[in-house]
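# Build me a model from this:
(one chain, ligands or ions: 1)
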Amino acid sequence: MTETPAMKQPDPCAMVIFGAGGDLTKRLLVPALYNLAKTGLIPDNFLIIGADIADRQSEEWASSLQTAIAEFAGNASAEDQIRDVDPAVWAKLAGRMHYLQGDFTRDEFYHTLADKLGALEQSHATAGNRLFYLAVADRFFGPIVTHLGAAKLTVQDKGAKPWRRVVIEKPFGHSLQSARALNQTILQSLAESQIYRIDHFLGKETVQNILALRFANSLFEPLWNRDRIDHVQITVAETVGVESRGKFYDVTGALRDMVPNHVFQLLAMVTMEPPTGFRPEAIRDKKFDLFTGLETLRAEDVVRGQYEAGTINGQSCVAYRAEPNVAPDTKTETYVAMRVRINNWRWAGVPFYIRTGKHLPARLTEIAIRFKQAPLAAFQDMSLETLPPNWLILRIQPDEGISLKFEAKHPGQTMRLAPVAMEFRYTDWFTPQPNIGYETLLYDCMIGDQTLFQRADMVEETWCVVQPVLDLWAADPAPIPTYRSGDSGPKAADALLSDDAKERVWRAIALPQPHQAS
Ligand code: BG6
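The predicted structure is shown next:
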């Protein structure tokens, strides 16, 4: 058995959370910190300052989060909730939590923050290392970083300690232009090595496993190219609607919300060239190269849709236009499907079909790789057209695993074929850890590993690919196509595949049944 390498212990540090009263802090950050504390991956000398506008006491803030841990610190993918909060682990965390009320759009706030940090850094012996986490609406990203810079709170000597790092949530920009402007702003106060642009999909085990599958096995890589692969389908389907996020979503839409970030990260993991090592820049360089090879999208490569009322799992759902904080005549898309091409030696001619949407029939994220047909149908009554192809399905969530679909001889006296599957399920091999997907990302921020974070050039390159479509849609007077809630998206999305090859269809958006090939 291979020995597990010892985990690097994070340096002592202070973490300042902007947006301490927000949903992200409650649902993800503090539950993930709790899970890290439980596995001993929070430094002994650690402190958290939660900053927000509401007036509250540290104890009150901490205890509101204790309830959140019970609700959210389970396994996000399995959608299970954890059991009781371990009092010793919680006490360790709660004793390090301090609340700071203030308006972080004003200069005065940063003076108070500097004083508070100075005092607490002494008492908690955090050696001056600081992690600023911007869990706030994106309009605050630039101003907060500028303020932090002006107050000299992020000053870091080249390569030296104490380190100062800033974590920026998505959305990183609303367009190519705004993403560039935001990069320019934050790079005036920070070096690229201090910036951690989060894409939480990269915190998922199954997403990180794509690199293990490809580069720790010699089996797949020789097949991983245009000679062997017919096409790839990437699906990120959700059953939820916009929930309480109508205000944000209605000016964002499915494309901005999911594609240049989460979906393109999945695409990059599957298609990037092998890095020369598992060093952050080696991997980020390969991803950047890949993004530069993405063909700019054209109108005919993209289909959008908006959900109408319908039924999902027996529950009736309202139309998007009837959701709270959504304009009644909105044209915002809640679904997008596209055909992406990669102009490089490995992938030339292989279409990547991508779709993501809300109010779809199942919550399912998967990458399905369809191999080319066998060159000859050597079996009785079998033509090449009827010979089913091989598929490799990477199930990202919720039924985490990998499935390889191939043909086998059906038992009996005649040579008859039947599709079968080899299945790998995470839960069959590994003990599930409480994991909401932010643990690795937070740990990486604390140990200074930027592998799973976006670099300025990567972010801008992905916006370049989608911007022409956003511009076309903004100028398009036509009504937006719709789909019934619970359906798999607008009909027009089928043509993206069938126009390329008449037998090509989307895979069903449905969870595999136990003991059934997916
Ligand atoms: C977020 C999007 O980034 O990702 C949401 O803003 C989306 O709209 C979510 O629902 C999906 O993430 P996950 O981890 O639940 O698949």
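# In terms of helix, strand or coil, where does Leu219 fall?
coil (DSSP: H, G, I helix; E, B strand; the rest coil).
# tell me the average confidence for stretch 470-479?
Stretch 470-479 shows a mean pLDDT of 96.
# Give me the buried positions along that stretch.
Leu470, Trp473 (16 or more other C-beta atoms under 10 Å). The C-beta positions use only the backbone N, C-alpha and C, and glycine is treated the same way.
# Between the two ends of that stretch, how far is it?
In stretch 470-479, first residue to last residue: 15 Å (C-alpha to C-alpha, to the nearest Å).
# Measure how far it is from the centre of its chain, please.
For stretch 470-479, the separation from the chain centroid amounts to 27 Å (computed by C-alpha atoms, centre = their mean, to the nearest Å).
# Repeat that for stretch 182-200.
18 Å.
# Equivalent analysis for stretch 91-103, please.
Once both centres are worked out by C-alpha atoms, centre = their mean, stretch 91-103 turns out to sit 28 Å from its chain's centre.
# State which one residue of the stretch 251-400 of the chain is found closest to the ligand.
Residue nearest to the ligand within the stretch 251-400 of the chain: Asp257 (4.7 Å; C-beta to the nearest ligand atom).
# in terms of contact, does that residue touch Pro171 like I think?
Yes. With contact defined as C-beta atoms under 8 Å, Asp257 counts as touching Pro171 (7.2 Å).
# These two: who's more crowded?
Neighbours were counted for Asp257 and for Pro171 using other C-beta atoms under 10 Å; Asp257 has more, 23 against 18.
# Tell me who's in contact with the residue nearest to the spatial centre of the chain.
Centre of the chain computed as the mean C-alpha position; nearest residue by C-alpha atoms, centre = their mean is Phe201, 2.1 Å away. Applying C-beta atoms under 8 Å, 6 or more residues apart in numbering to Phe201 gives the contacts Val207, Asn261, His262, Gln265, Leu266.
# again, 10 Å this time
Counting by C-beta atoms under 10 Å, 6 or more residues apart in numbering, Phe201 makes contact with 170, 207, 236, 258, 261-266, 269, 365, 396-397, 437, 452.
# Ok, Thr105 next?
Ile53, Arg139, Phe140, Pro143, Ile144, His147.
# So which of those residues is the closest to the ligand?
Taking C-beta to the nearest ligand atom as the measure, the ligand sits nearest to Arg139 out of those, at 15.8 Å.
# tell me the contacts of the closest one?
Thr105, His174.
# Give me the next element, helix or strand, following the one helix or strand the residue of the stretch 251-400 of the chain closest to the ligand maps to.
Asp257 is part of helix 253-258, with elements assigned from DSSP states H and E. Downstream of helix 253-258, the first helix or strand assigned by DSSP H and E is helix 264-271.
# Let's test this: mean pLDDT of that following helix, rounded?
On average, helix 264-271 scores 98.
# Tell me if the worst-scoring helix or strand of the chain on mean pLDDT is near the ligand.
Least confident element among the helices and strands of the chain, by mean pLDDT, DSSP states H and E: helix 58-72 (a mean of 88). No. Helix 58-72 lies apart from the ligand when judged by C-beta under 6 Å from any ligand atom; the minimum separation is 12.1 Å.
# Pull the residues that contact that helix.
In contact with helix 58-72 (C-beta under 10 Å, 6+ apart) are residues 20-21, 23, 25-35, 48-50, 52, 54, 56-57, 81-87, 89-90, 93-101, 436.
# Of the residues you listed, keep whichever come out buried.
Buried among those by 16+ other C-beta under 10 Å: 20-21, 25-35, 48-50, 52, 82, 85, 89-90, 93-94, 96-101, 436.
# from the residues you listed, which are also near the ligand?
Of the buried ones among the contacts of helix 58-72, not one also sits near the ligand (C-beta under 6 Å from any ligand atom).
# Sort out for me which of these are in strands.
Members of those lying in strands (criterion: DSSP state E): Ile48, Ile49, Gly50, Asp52, Met97, His98, Tyr99, Leu100, Gln101.
# Quick one: these as CSV, columns for pLDDT too.
As requested, those are exported to CSV (pLDDT from 0 to 100):
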residue, pLDDT
Ile48, 98
Ile49, 98
Gly50, 98
Asp52, 97
Met97, 96
His98, 97
Tyr99, 97
Leu100, 97
Gln101, 97
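# helix, strand or coil for Gly310?
Applying three-state DSSP: Gly310 is strand.
# Check the burial of the nearest residue to it once chain neighbours are set aside by counting its neighbours.
In space, and not counting its chain neighbours, Gly310 is closest to Ser485: 3.1 Å by C-beta to C-beta, 6 or more residues apart in numbering. Taking other C-beta under 10 Å as the criterion, the count of residues near Ser485 is 24.
# Just to check, Ser485 is in contact with Cys317?
Yes. Look at Ser485 against Cys317 with C-beta atoms under 10 Å: they come within range, at 4.2 Å.
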